[in-house]
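**Q** The following block contains a protein sequence and its predicted model.
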Amino acid sequence: MPEKTPAQPPRVRALVVVAVLAAAALALDQFTKYLVVSTLPLGEQVKVLGDLLILQFVKNPGAAFSLAAGSTWIFSILAAVVTVVIIVFARRIRSMGWAVVFGLLLGGVLGNLTDRLFREPSFGLGHVIDFISTPWMIPAIYNVADICIVSSMGLFIILTIRGINLDGTRSVSAKSADAADATEQNTADAAADAAPGAGTSVPGAEPNRSDA
């Protein structure tokens, strides 16, 4: 019989997920920005789904969602620091959920950092390309990188609430809550089974019949 190939350790699988997601997010972000810059006039609105989805090419010198314009160099430094921190912490990941969080976050940060480093007006001061507008949801124009960052933060909150750690284990409080829920459910089931006449039958007893 052929020998079985040993499964990859959780850390390796998690790092692969982080790298693949980050690369995919970065590629999609830069590709969509390339299409926008090469096809849309600056500032012009194109309604894709009426007022639900509008494409509008703008250059953002600030942070995500056009916040703090005029402080581009600060965000360039912060993005570079965040990138290093993500790479350092990624080595501790064993959980696939956290791998998705770090992958999306890294890809999103790198997407906007690439704009700040290599787009006009100069290195480190480049303006981020934004083009997605959904005024019914948020009064700002954003891009694919921003979507990845916000999605990673949403998943981060979910994993934190559930008590899932970077190594895939669960915190004591989360386990205690699960155990309490299980105990409560078992108690309710036991009470239902012990209730008089609940799903039981008396040997030799005939079922009730109604006279016609």
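**A** In hand now; what should we look at? Numbering: from 1, shown residues only.
**Q** where along the chain do the helices fall?
**A** 10-39, 72-90, 96-118, 144-161, 172-194 (DSSP state H).
**Q** so where's the protein uncertain?
**A** For the chain, applying pLDDT under 70 flags the ranges 1-9, 62-72, 172-212.
**Q** Next, format the helices of the chain as a markdown table and append mean neighbour count and distance to Lys59.
**A** Every residue, glycine included, has its C-beta placed from N, CA and C. A markdown table is the format used below for these (neighbours: other Cβ atoms under 10 Å; distance: least, Cβ to Cβ, whole Å):
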| stretch | mean neighbour count | distance to Lys59 |
| --- | --- | --- |
| helix 10-39 | 17 | 9 |
| helix 72-90 | 15 | 11 |
| helix 96-118 | 23 | 9 |
| helix 144-161 | 18 | 14 |
| helix 172-194 | 11 | 44 |
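**Q** Out of those, which gets nearest to Val58?
**A** In terms of Cβ to Cβ, the element of these nearest to Val58 is helix 10-39, at 9.7 Å.
**Q** before we move on, back to that, need the helices of the chain in a markdown table (columns: distance to Leu49).
**A** Converted to a markdown table, the helices of the chain look like this (distance: least, Cβ to Cβ, whole Å):
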| stretch | distance to Leu49 |
| --- | --- |
| helix 10-39 | 17 |
| helix 72-90 | 31 |
| helix 96-118 | 24 |
| helix 144-161 | 16 |
| helix 172-194 | 40 |
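**Q** Relative to Gln56, which of the ones you listed is closest?
**A** helix 10-39 (9.3 Å).
**Q** What is that closest one packed up against?
**A** Applying 3 or more Cβ pairs under 8 Å, 6 or more residues apart in numbering; DSSP states H and E, we find helix 10-39 packed against strand 54-60, helix 72-90, helix 96-118, strand 128-133, helix 144-161.
**Q** how far off helix 72-90 does it point, in degrees?
**A** Interaxial angle of helix 10-39 relative to helix 72-90 (axes from the mean of the first three to the mean of the last three Cα atoms, to 10 degrees): 150 degrees.
**Q** Can you give me every residue that contacts the residue positioned nearest the centre of the chain?
**A** For the chain, the residue nearest the mean C-alpha position is Ser152 (3.1 Å; Cα atoms, centre = their mean). Listed by Cβ atoms under 8 Å, 6 or more residues apart in numbering, the contact set of Ser152 reads 100-105, 108.
**Q** at 7 Å instead, please
**A** Ser152 makes contact with 101, 104-105, 108, according to Cβ atoms under 7 Å, 6 or more residues apart in numbering.
**Q** what's the answer for Trp98, then?
**A** By Cβ under 7 Å, 6+ apart, Trp98 lies in contact with 159, 166.
**Q** How much space separates it from Ala19?
**A** Separation of Trp98 from Ala19 (Cβ to Cβ, to the nearest Å) stands at 14 Å.
**Q** Find the residue closest to Gly97 in space, skipping its chain neighbours.
**A** Leu159 (5.2 Å; Cβ to Cβ, 6 or more residues apart in numbering).
**Q** shouldn't that neighbour be in contact with Val100?
**A** No - between Leu159 and Val100 there is no contact under Cβ atoms under 7 Å: 9.3 Å.
**Q** For the contacts of Ser152, give me a markdown table that also has distance to Ala23.
**A** Below are these laid out as a markdown table (distance: Cβ to Cβ, whole Å):
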| residue | distance to Ala23 |
| --- | --- |
| Val101 | 16 |
| Leu104 | 12 |
| Leu105 | 13 |
| Gly108 | 12 |
